[in-house]
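Enquirer: what's the 3D shape of this:
(chains A and B)
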Amino acid sequence: MGVGEQLVTYVTQNGYYIWEEFYRHFLMAAYGVLFASIVAIPIGILISRYGRLSKWVLSFGSIIQTIPALGFMALLMVTLGLGTTTVITTLFFYSLLPIIQNTYVGMKSVDQTVIEAAHASGMTRFQLLRKVELPLAVSVIMAGIRTALVVGIGIVAIGTFVGAGGLGAIIVRGTNATDGTAIILAGAVPTALMAIIADLIMGMIERRLNPANKASAASQ
Amino acid sequence: MKKRLTALALAPTLILSGCALPGLGGPPDSTIRIGTLDTVESEVWGYTIAGMIEHYTDLETELITNLGSSIVQHQAMVQDEVDITSTRYTGTDIAGVLDMDGITDPDQAMDIVQKEFDKQFNQTWGDSYGFENSYTVSVREEFAEEEGIEHVEDLEPFADSMNFGVDNAWVNREGDGYNAFVETHFAFGNVYPMAIGLVYEAAASGNMDAVLGYSSDGRIAAYDLKVLEDDFFPPYDASPVIQNEVIEDHPELEEILDRLADTVTTEDMQDMNYQGDVDLKNPSQIAEQFLEENNYFETDQEVNE
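Expert: Numbers count the residues shown, from 1 in each chain, chains lettered A, B, ... in the order given. From the prediction side, this is the model:
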């Protein structure tokens, strides 16, 4: 039997199982990035206000990125134990940097004249943030979340080593079998597809939120 | 603004407290967590136990797969991260967990683990499933016939020029790993640690002259390898292990596990492993088939009811 045939057999026999792991995989990635966004966006806004902090915060984020994900998971496993919690927490830390960075850049790149105009019209600081800065920066922030999610889907694939399951479990099953290429593909292809689809959808949202596109849509 | 700050403070606590997020894992009280190794065998038994529990009780089950070794399984049990581990082997736990050695009698080994695990860790070591998964040294059948090799010791004259392919997990083991093997027997010319999936094929194709594999692995027979006799390795009878506290909460579980005792011979296990490792069947399917063939090990009385 060729690999193609084996793959078809495996997928038809285990379609539901693959779907279950796919769903689990996606949820872990999504939760990690979601929690990171909740923390990282306010931090990004904060450091764009207090420039002196930015260097420290961004270096801290970069340091986390240099630790190999598997090692990081193994370290967290000691305190958090086996399972999805460890994977989601790992992802949380890895997603901080791209989101903080993009929030920071997004906030910084808001045109100074616009801010001055808003000030002049009597807006409070909070109104300025909510009505002017955030809407102008939101597409850049989304780009950060998009990067974090795509990278995160890859990281979750190794989560199976801390007992979290996901599509990585299928890949590992394949590496232990003799001629398990078909099983490896049955785990790896959906992982890649998930990353591509997530990238496309997030890209679409990002474009939709871009104020430049909004303005042109309104003027038509 | 205050609300936002609370949310900000709450998010990490929520993650760190490890409460079950929607979609991931059931309610902790009624979910039995079953830990398995990354082998087909271990996953098959994990799914079998899960199938039995769901058949006889209202409890839910969750499988935690791909635990790296028996020691990791044991740690997971001690730290209360799993309730049951699906496959534990007498020899492994005697050497790795209890730190004893030199026990070669299977019954004595079973006695020791059952007593000691109850005493030291408050865990019940179940009775054997009926098969054993021992380490074995194998060579190609042709080679064994030509040279008249039956026992590992017969390899000694050839050992210096032989390539020995072994499982990554074995080579550095204390007690019955390669170092101890060399002390008892002899050293091979070259030793190649590799993923277990590659070992048998490497022997069949001639890349390796001798390999260390597992006696319940279906690929030994499938690749025409000859298992050599040996009295170096301790017995490795396979059993489930369950936490006593879990039995106290759900007494029916002990009886469910007892039903699985002595149900599978080493040959049956080879067959199941072959379906998983070579025919690429998913362990969950193999387990389901096994349970259905045996009608979930219902007793005659229950069938009549």
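
Enquirer: show me what from the stretch 101-250 of chain B comes close to chain A.
Expert: Counting by CB under 8 Å from any CB of the partner chain, the positions of the stretch 101-250 of chain B adjacent to chain A are B:195-198, B:200-201, B:219. To be clear about C-beta, it is placed using only N, CA and C from the backbone, and glycine gets the same treatment.

Enquirer: I'd like those as JSON lines, with secondary structure, neighbour count and pLDDT appended.
Expert: Converted to JSON lines, those look like this (DSSP: H, G, I helix; E, B strand; the rest coil; neighbours: other CB atoms under 10 Å in any protein chain shown; pLDDT from 0 to 100):
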{"residue": "B:195", "secondary structure": "coil", "neighbour count": "11", "pLDDT": "83"}
{"residue": "B:196", "secondary structure": "helix", "neighbour count": "24", "pLDDT": "81"}
{"residue": "B:197", "secondary structure": "helix", "neighbour count": "17", "pLDDT": "77"}
{"residue": "B:198", "secondary structure": "helix", "neighbour count": "19", "pLDDT": "84"}
{"residue": "B:200", "secondary structure": "helix", "neighbour count": "26", "pLDDT": "89"}
{"residue": "B:201", "secondary structure": "helix", "neighbour count": "17", "pLDDT": "86"}
{"residue": "B:219", "secondary structure": "helix", "neighbour count": "24", "pLDDT": "88"}
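
Enquirer: nearest the geometric middle of chain A, what residue?
Expert: Central residue of chain A (CA atoms, centre = their mean): residue A:149, 2.0 Å from the mean position.

Enquirer: okay, and that one sits in which element?
Expert: Assigned by DSSP states H and E, residue A:149 belongs to helix A:134-156.

Enquirer: relative to helix A:134-156, how tilted is the next helix or strand after that helix?
Expert: For helix A:134-156, the following helix or strand on the C-terminal side (DSSP H and E) is helix A:167-176. In terms of direction (axes from the mean of the first three to the mean of the last three CA atoms, to 10 degrees), helix A:167-176 departs from helix A:134-156 by 30 degrees.

Enquirer: give the next helix or strand downstream of helix A:167-176.
Expert: Criterion used, DSSP H and E; the element after helix A:167-176 is helix A:181-209.

Enquirer: that next one: which residues count as buried?
Expert: A:181-188, A:190-191, A:194-195, A:198, A:202, A:206, A:209 (16 or more other CB atoms under 10 Å in any protein chain shown).

Enquirer: please pull out the lowest mean pLDDT helix or strand from the chain.
Expert: Defaulting to chain A. helix A:211-219 (a mean of 63; mean pLDDT, DSSP states H and E).

Enquirer: please name the nearest non-neighbouring residue to residue 21.
Expert: Just so you know, I chose chain A. Spatially, and ignoring its direct neighbours in sequence, residue A:21 is nearest to residue A:167 (5.2 Å; CB to CB, 6 or more residues apart in numbering or on different chains).

Enquirer: hm, I was asking about chain B
Expert: For residue B:21, ignoring the flanking residues on the chain, the nearest one in space by CB to CB, 6+ apart is residue A:31 at 5.7 Å.

Enquirer: just how off-centre is the host helix or strand of the one you found within its chain?
Expert: Residue A:31 belongs to helix A:3-49 when elements are defined using DSSP H and E. How far helix A:3-49 lies from its chain's middle: 9 Å, per CA atoms, centre = their mean, to the nearest Å.

Enquirer: spatially central residue for chain B, please.
Expert: With distances taken as CA atoms, centre = their mean, the residue of chain B nearest its centroid is residue B:87 (4.1 Å).

Enquirer: ok, the residue of the stretch 101-250 of chain B found nearest chain A to residue B:253 distance?
Expert: Using CB to the nearest CB, the closest approach of the stretch 101-250 of chain B to chain A is made by residue B:197 at 4.9 Å. Applying CB to CB, to the nearest Å, the value for residue B:197 to residue B:253 is 33 Å.

Enquirer: what of residue A:166?
Expert: As judged by CB to CB, residue A:166 and residue B:253 stand 27 Å apart.

Enquirer: and for residue B:224?
Expert: Using CB to CB, residue B:224 is found at 42 Å from residue B:253.

Enquirer: repeat that for residue B:221.
Expert: Residue B:221 is 34 Å from residue B:253, where distance means CB to CB.

Enquirer: and the residue of the stretch 51-200 of chain B that's closest to chain A?
Expert: Residue of the stretch 51-200 of chain B nearest chain A, by CB to the nearest CB: residue B:64 (3.9 Å).

Enquirer: list the residues that contact that residue.
Expert: Residue B:64 is in contact with A:82-83, A:163, A:165, B:33-36, B:76, B:81-82, counting by CB atoms under 8 Å, 6 or more residues apart in numbering or on different chains.

Enquirer: nearest to residue B:162, of these?
Expert: Residue B:162 lies nearest to residue B:36 out of those, by CB to CB, at 33.9 Å.

Enquirer: just checking, residue A:65 touches residue A:94?
Expert: Yes: with contact defined as CB atoms under 8 Å, residue A:65 counts as touching residue A:94 (6.8 Å).

Enquirer: settle it for me: which of those two has more neighbours?
Expert: The neighbour comparison of residue A:65 against residue A:94 (other CB atoms under 10 Å in any protein chain shown) goes to residue A:94, with 23 against 13.

Enquirer: element containing the more buried one?
Expert: helix A:84-108.

Enquirer: list phi and psi for residue B:124.
Expert: Reported as degrees, to the nearest 10, the phi and psi values for residue B:124 are phi -100, psi 120.

Enquirer: list the contacts for the residue nearest to it when sequence neighbours are not counted?
Expert: Leaving out its chain neighbours, the residue that sits closest to residue B:124 by CB to CB, 6+ apart is residue B:242, at 5.2 Å. Residue B:242 makes contact with B:83-84, B:123-124, B:126, B:253-254, B:257, according to CB under 8 Å, 6+ apart.

Enquirer: most neighbours of all those residues, which one?
Expert: Counting neighbours by other CB under 10 Å, the top entry in these is residue B:84, with 27 neighbours.

Enquirer: from residue A:188, how far off is that one?
Expert: 30 Å.

Enquirer: and what of residue B:219?
Expert: For residue B:219 relative to residue A:188 (CB to CB), the value is 23 Å.

Enquirer: repeat that for residue B:275.
Expert: Noted for residue B:275: a distance of 23 Å to residue A:188, by CB to CB.

Enquirer: and for residue 114, the neighbour number?
Expert: No chain was given, so I picked chain A. Using other CB under 10 Å, residue A:114 has 13 neighbouring residues.

Enquirer: let me rephrase: I mean chain B.
Expert: By the criterion of other CB under 10 Å, residue B:114 has 18 neighbours.

Enquirer: what are the buried residues along the host helix or strand of it?
Expert: Assigned by DSSP H and E, residue B:114 belongs to helix B:106-121. Applying a neighbour-count criterion of 16+ other CB under 10 Å, one finds B:106, B:109-110, B:112-114, B:116-117, B:121 buried in helix B:106-121.

Enquirer: distance to residue A:51 and pLDDT for those - can I get that in a markdown table?
Expert: Converted to a markdown table, these look like this (distance: CB to CB, whole Å; pLDDT from 0 to 100):
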| residue | distance to residue A:51 | pLDDT |
| --- | --- | --- |
| B:106 | 71 | 89 |
| B:109 | 67 | 92 |
| B:110 | 68 | 94 |
| B:112 | 66 | 93 |
| B:113 | 63 | 94 |
| B:114 | 66 | 94 |
| B:116 | 62 | 94 |
| B:117 | 60 | 95 |
| B:121 | 56 | 94 |
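
Enquirer: give the helix, strand or coil label for residue B:62.
Expert: What DSSP: H, G, I helix; E, B strand; the rest coil gives for residue B:62 is strand.

Enquirer: shouldn't it be in contact with residue B:35?
Expert: No: checked against CB under 8 Å, the pair residue B:62 and residue B:35 is beyond contact range at 9.9 Å.
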